[in-house]
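>>> below are the sequence and a predicted model; questions follow.
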Amino acid sequence: MNFYLTLTFFAVLALMTQSCASSSEKAAAVAPQESLALFDSFSYKGMDDFYTQNTLPDDGSFYNPILPGWYSDPTICTNGEGDYFLATSTFTYFPGVPLFHSRDLVNWKQIGHVLTRESQLVNMNGQHVSGGIFAPALSYNPANKTYYMITTNVGAGNFFVKTQDPFGEWSDPIYVPEVQGIDPAFFFDKDGKGYIVNNDDAPDGKPEYSGHRTVRIVEFDPATDKCVGERKIIVNKGWRPQDKPIWCEGPHIYNIDGTYYLMTAEGGTGDWHSEVIYRGKSPFGPFEPWQGNPILTQRTLDNGRPEPITCAGHADLEQTKEGDWWAVFLACRPLDGRFENLGRETFMMPVKWTDDGWPYMTRGEEVVPMVLNRPGVKREEKVTFGNFSDVDDFDADTLGLQWMTLRTPAADLYSLTSNPGYLTINCADINSSEKVAIPYIGRRVQHHKYEAATRLIFNAGNENQCAGLLVFKDENHQFLLARGRDAKGGCVLLHKIDGKEGEELAKEQLNDSISVLDLKVVSQGKTLDFYYSTDNGAKWQTLATGIDAQYTSTANAGGFTGTTVGPYATNKK
């Protein structure tokens, strides 16, 4: 064991307090076969100004977004008995498709993930962070009392999983090769018949312009889990074909009092995003569009307005047990109308109806509200929205539901049991720019202004080795605050990672006798500040301030995810 690993080893012995084990047993449990970074704790605190300046007026009020941070492509279903389930996209993160439950649409609790096994998330290695699982759609079939989740894995095709207990495990994937394209969704009619509707290429694969797409439908037999008959185009281009609309996607069908409503998104997922509605007499149409479309958008509003909400679309509708209708949808909250690190978030609004039977969420210049009320519902103490704090001491045997890895479970890269009370990450010969499982455990950034901190027990053994906090957007847009080593000895460093050589933004030397280090990133919204402490957080020392946060935003980096932050270690800096 080299000198620096020996220091780490004895620091761990001093901090571990397992009375049932002798010193030699502790040594056997902790002594690394390769370099290890031990994370004693991780804390996250949201500090957005809106929530501190706009307190909720009563117990029945709640904030939009209901799921802040990167929770894109929301989908909702109910069993008709007062249980509501909500899920969102995860792309190449593992586990896939977070699943939330509520009894009142206001108080949501994450109950797990739909895709929890590698057999359900295949071919993830090699995919960009924004590949993987696109736009899941939840449905409940009362005829067989089964819940379905259908989605696209861009590396494997369209598939669904199912269960009769959404609080438990879901089936292995059942692929539907007949359904090409993306964004599939089930529709189960009142007569027990099933259908799959989705976005696909232009007719005959010959688009007339960029973004020319279609919506298609095929019958589905729940008894055999097979598609039946031919797929049919029910929308070509969009609701006003003469205007050459782009990306008619995320379709859903609803049978409301014998009329079939088809809802789709249009305009792409940027500022021109919108939701449009059609109706017809059967699931196969023909469908007529509402001339008052779009039924949801913020694209005509001034982005310079206070607290702008943009990119609204990709909606799903659900009727409550009480009979009212609500919509969940994605939208963004840019700063100064320019950029954000939160990604596309999950919002909710009540659905209104015209006198002649068309549903809508916004009309004209109406804005998506950030404070809403659902009469008769009381907000609970612990909610998913607003400012909140979270501390993980890594005392459990499994990661909390807020944590994710990339592409696989990464079980060979970290452990919660090899050193109980610590998250242990191997300094693997893998870095965060590679399109494989990486030695990183991340959680979503959910606020413009936030503070994330960790306590690290580590001493780098060479100049390629480091461990600390990673602010991660994708393979080429990251900030790394870490304990490392250079030619002079130990150091704390801040790197801007671009997938190539990157850039060292700041560095301070550290005495090698210091093995316990606290690291902290503080977001001011538009800028990031980075700190470290060598005395258990009693005094924080500034490493760098005013770092441009736009670097890790979607506006700069592109892609479909938001930013995540969490512990990271590598032997390949």
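Happy to help now that I have it.
>>> how is this structure carved up into domains?
Residue ranges for the structural domains of the chain, counted by automatic domain parsing, are given in the record as 3-47+388-570, 57-373.
>>> as a markdown table, those with mean neighbour count and distance to Lys382 would be great.
C-beta here means a position set from N, CA and C on the backbone, and glycine is covered the same way. Compiled in a markdown table, those are given as follows (neighbours: other CB atoms under 10 Å; distance: least, CB to CB, whole Å):
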| stretch | mean neighbour count | distance to Lys382 |
| --- | --- | --- |
| domain 3-47+388-570 | 19 | 8 |
| domain 57-373 | 19 | 8 |
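>>> ranking those domains by mean pLDDT, which is last?
If you rank those by mean pLDDT, domain 3-47+388-570 sits at the bottom with a mean of 88.
>>> now it: how far from the chain's centre is it?
Taking CA atoms, centre = their mean, to the nearest Å, one finds the center of domain 3-47+388-570 at 20 Å from the center of the full chain.
>>> quick one, helices of the stretch 451-573 of the chain?
Taking DSSP state H, counting those that start in this stretch to define them, one finds helices in the stretch 451-573 of the chain at 554-557.
>>> same check, this time on the chain
Along the chain, counting by DSSP state H, helices occupy 3-15, 23-30, 49-53, 554-557.
>>> which residues touch the last one?
Outside helix 554-557, the residues that touch it by CB atoms under 8 Å, 6 or more residues apart in numbering are 332, 334, 338-340, 343, 473-474, 476-477, 550-551, 560-562.
>>> can we see that at 10 Å?
70, 129-130, 269-270, 311, 332, 334-335, 338-344, 473-478, 548-551, 560-563 (CB atoms under 10 Å, 6 or more residues apart in numbering).
>>> sorry, back to before: okay, the domains of the chain in JSON lines with distance to Arg379 next?
Output for the domains of the chain, formatted as JSON lines (distance: least, CB to CB, whole Å):
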{"stretch": "domain 3-47+388-570", "distance to Arg379": "13"}
{"stretch": "domain 57-373", "distance to Arg379": "5"}
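>>> and the ones you listed: which comes nearest Glu381?
For Glu381, the closest of the domains of the chain is domain 57-373, at 9.6 Å, according to CB to CB.
>>> quick one: terminal-to-terminal distance for that closest one?
Using CA to CA, to the nearest Å, the gap from the first to the last residue of domain 57-373 comes to 9 Å.
>>> dump the residue contacts of Asn373.
If a contact means CB under 10 Å, 6+ apart, then Asn373 has 56-62, 106, 350, 379 as its contacts.
>>> among the residues you listed, which ones are in strands?
Taking DSSP state E, the ones among the contacts of Asn373 that sit in strands are 61-62, 350.
>>> and these as TSV, adding distance to Asn198?
Formatted as TSV, the entries for the ones in strands among the contacts of Asn373 read as follows, by distance: CB to CB, whole Å:
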residue	distance to Asn198
Ser61	37
Phe62	32
Pro350	27
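>>> what's the closest of those residues to Val522?
Using CB to CB, Phe62 comes nearest to Val522 of the ones in strands among the contacts of Asn373, at 27.0 Å.
>>> roughly how far does that closest one sit from Gln541?
Here the distance between Phe62 and Gln541 works out to 39 Å (CB to CB, to the nearest Å).
>>> one more: Gly343?
31 Å.
>>> try Arg117
44 Å.
>>> partners of Gly442 in the sheet?
Per DSSP bridges, residues listed as beta-bridge partners of Gly442: Met404.
>>> quick thing: my sequence starts at 21, can you match it?
Sure thing, new numbering starts at 21, so read that last one as Gly462.
>>> wait, it sits on Thr112?
No: checked against CB atoms under 10 Å, the pair Gly462 and Thr112 is beyond contact range at 11.8 Å.
>>> which neighbours do these two share?
Common neighbours of Gly462 and Thr112 (criterion: CB under 10 Å, 6+ apart): 424-426.
>>> closest to Leu443 among those?
Thr425 (11.8 Å).
>>> residue contacts, the closest residue to Asn143 other than its chain neighbours?
Closest residue to Asn143 apart from its sequence neighbours, by CB to CB, 6 or more residues apart in numbering: Gly175 at 3.6 Å. Neighbouring residues of Gly175 by CB under 10 Å, 6+ apart: 112, 141-147, 151-153.
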